[in-house]
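In: model this:
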Amino acid sequence: MPQRATRRSLNNLLFSLFWWMIQKISPKQGDTLLYWGLRSGAFPSKVRLDPILGIDLFGNHFNTPIGIGSGFDRKGNVIDDLIFMGAGFGEFGPYTLDYEHPTTETFFLKKDQAIVTQSLGFKNPGLLKMIPVFVNRRYLPNFVGINLTITAASEGENIKLGHHMTYDAEFDLMTRKIAPYCDYITLDFSHPEIELSSLVSDASAIVPLIKHIQKALSEAAPIQTPKLLIKLPLDMTPLELPLVCQNMVTANVDGIIVGGPLSLFHTKVHLSKPIKMGMITGKPVQKYVTETVAKVRQFTKGKIPIIACGGVFSGQDAYNNIAAGASLIQLGTVIRFEGPGVITRINRELATILRSKGFKSVKEAIGADFI
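Out: Model (predicted):
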């Protein structure tokens, strides 16, 4: 048995080195190899987590606040492995109701630690195709969420989708289909190119929608009802943000996710390459996320738990978001650049920072910037 364990550790090390070399030569090929390695168990396995990282939230105990955000796993086949390797939770998706495969161009900007995606839709298998996957993994103890979104054709409360459904009817259908197979559901309004992102500031539209989905969740999964989270866009104006936060409080959502991509067209982000169009994730969005987390914490008066998503590349980045008001942190782009071992590094760095500042738990540090 020890010989097998030694052989497996050696194989893990050799694959990790091979992936690192390929990623340096061609980030796109490295990205493909990364997902293959995760699915095949080629990366190092479970690590011990420092007890100081534990936090209780949503009726669950998280061994660490560091989790995996949506956008990293659309096929439902790597998040459970990442949780085994040290992540505290994960979020599958984003998913639309049906299959979408838009033409997509992706730029890996190593100098900027960013990824730019040019696409007019959400590349995903479609939620209906994913249901058997989620049914089969439901026996696992991992705390996971499912991110739901839609591609809208026009603005307004009566938005019609390609299959002649309104946005509220589509969210309702997706929610009822998937509610029994996850711990939380995220309604994602964060993408700048979705016309629906403007709804979060319209109380007459967003509050009834949230109430409707809350009812759908309780009816579809009455015994273990998933929590309902709303993912907000980062490009909200100073006038919109207080209104949005008040709407979230009024609707009594279980949590808010702050993050998602930023539009290069609407955002002043200086990059090493002259790319003017597309959605950017990674290090350049970090300051936007932390600043928005602090404002959401302020305008909601700490009544709603916040998850920070975007631009976290170190334990210090994670701590900055926690001190600004976030309870949990989601990673994504950093794993695609540095591999899954970065989860262990960020956990270790965050634990060291918490102790150095005299905190005995993550909970004590939440909103520390306001104290």
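In: Let me see the ranges of the strands in the stretch 1-150 of the chain.
Out: Along the stretch 1-150 of the chain, the stretches classed as strands by DSSP state E, counting those that start in this stretch are 55-57, 60-62, 66-68, 90-95, 105-109, 114-118, 144-148.
In: Out of those strands, which is closest to T352?
Out: strand 66-68 (13.6 Å; Cβ to Cβ). No exception for glycine: its C-beta is placed from N, CA and C like everyone else's.
In: which other residues reach the closest one?
Out: Strand 66-68 is touched from outside by 53, 79, 82-83, 86-91, 307, 318, 328-332, 335, 343, 346-347, 350, with contacts defined as Cβ atoms under 8 Å, 6 or more residues apart in numbering.
In: With stretch 220-227 instead?
Out: Contacts for stretch 220-227 (Cβ under 8 Å, 6+ apart): 58, 145, 175-177, 179-180, 182-185, 217-218, 254-255.
In: Nearest to G69 among these?
Out: Nearest to G69 among these, with distances taken as Cβ to Cβ, is G145, at 9.7 Å.
In: Kindly write the ChimeraX command that selects the buried subset of the contacts of stretch 220-227.
Out: Per 16 or more other Cβ atoms under 10 Å, the buried members of these correspond to this ChimeraX selection:
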select :58,145,175,177,179,180,182,183,184,185,217,254,255
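In: So which of the contacts of stretch 220-227 are in helices?
Out: Among the contacts of stretch 220-227, the members found in helices (DSSP state H) are T175, R176, K177, L217, S218.
In: List just the nearest of these to V269.
Out: Of those, the one sitting nearest to V269 (Cβ to Cβ) turns out to be T175, at 34.0 Å.
In: In the stretch 1-150 of the chain, what residue spans correspond to helices?
Out: With DSSP state H, counting those that start in this stretch, the ranges of helices along the stretch 1-150 of the chain come out as 2-25, 27-40, 79-84, 127-137.
In: can you tell me the average pLDDT over the first one?
Out: This points to helix 2-25. Averaging pLDDT along helix 2-25 yields 58.
In: center of the protein, which residue is that?
Out: Closest to where the C-alpha atoms of the chain average out (Cα atoms, centre = their mean) is G69, at 2.2 Å.
In: For the nearest residue to it once chain neighbours are set aside, what is the enclosing helix or strand?
Out: Leaving out its chain neighbours, the residue that sits closest to G69 by Cβ to Cβ, 6 or more residues apart in numbering is Q330, at 3.2 Å. Q330 belongs to strand 328-331 when assigned by DSSP states H and E.
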